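What follows is a predicted protein model with its sequence.
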Amino acid sequence: MIVVDDVPIPRPGAGEVLVQVAATSFNPTEVAVRQGRFTLPLPHMLGWDVAGTVDGDPVVGWIDGAAAEYAVTTPDRLVPAPRTVPLPDAAALPLAGLSAWQMVVEHGRVRPGHRVLVNGAGGGIGGFAVQLAKHAGAHVTATASPRSAEVVRDLGADHVVGYHPTGRFDVVLNLVADAEVARLGDVVVSATLSDAPDAHFVTRFDAAQLTGLVALVDRGVVRIDVSERHGLADLPGLHRRAEAGDLRGKVLVTP
């Protein structure tokens, strides 16, 4: 059960800072947290992505408990926020952007001339993956629903197809649990528990990579696409919609 409550402003301890939160973003993984698929002490405060200020300085990062007006964290979990977008929008960047970076850029998986399939490009990670693959010089085919197709094209996909792509690809970025699609790739990088990925991974926080993403945003290379904006009181409804598959792209939650 999700409850929105009034609690005292947290006090940072030694080596910690207080973040005044401008926004967090909803991540589908949080549904698994609520369903008890992770062992966490309760009550647990939701929200990993954060954009806000520390002593007036705009920051963005990946912390615990960002679905609040204030949150406490350590400075190493934060980097300076992009200057070219509204501060709340930056909350869409950390988890989804780092996931895409670690799928596309890390280890040089996607290179100029590669044929890349982004399977599930209409999701939060998928939009960043399309942009980073294009920036790496790849030819990008993306699967997306009809409601997401135009946005995915605008983000740079060369071709947008339905959920039954054909052909052969140098790299498949598998963001939907689809073993058949995974078999179309010479290299498969999976953010799902699909049958046979060459490289299934769990996203990790990396301050240098997040700083790199911020720089790409400020250069206009990566666009932050916010599909919806909600308040904290809307979180229960967002979880229900996520379970029904009724969310697209990155959804912001503001305190």
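Good, I have the coordinates.

Show me what stretch 50-67 is in contact with.
Contacts of stretch 50-67 from elsewhere in the structure, counted by Cβ atoms under 8 Å, 6 or more residues apart in numbering, are 17-24, 45-49, 71-73, 75, 77-83, 87-91, 93-95, 98, 205, 210, 214, 232, 235, 253, 255. Backbone N, C-alpha and C define where each C-beta goes, glycine included.

Got a quick PyMOL command for the buried subset of those residues?
Buried members of the contacts of stretch 50-67, defined by 16 or more other Cβ atoms under 10 Å, are picked up in PyMOL with:
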select buried, resi 17+18+19+21+22+23+24+46+47+48+49+71+72+73+77+78+79+80+81+82+87+88+89+90+91+93+94+95+98+210+214+232+235+253+255
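
Which stretches in the stretch 101-250 of the chain count as strands?
For the stretch 101-250 of the chain, the strands identified by DSSP state E, counting those that start in this stretch occupy 115-119, 139-143, 159-161, 169-174, 185-190, 199-200, 226-231, 250-254, in order along the chain.

now those strands in CSV, with mean pLDDT and distance to H107?
Compiled in CSV, these are given as follows (pLDDT from 0 to 100; distance: least, Cβ to Cβ, whole Å):
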stretch, mean pLDDT, distance to H107
strand 115-119, 97, 14
strand 139-143, 97, 18
strand 159-161, 96, 25
strand 169-174, 95, 11
strand 185-190, 90, 9
strand 199-200, 56, 8
strand 226-231, 95, 29
strand 250-254, 95, 25
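
out of those, deepest packed?
Each of the strands of the stretch 101-250 of the chain was scored by mean neighbour count; the highest is strand 115-119, a mean of 28, by mean count of other Cβ atoms under 10 Å.

Please state the offset of it from the chain centre?
The offset between the C-alpha centroid of strand 115-119 and the centroid of the whole chain comes to 18 Å, using Cα atoms, centre = their mean, to the nearest Å.
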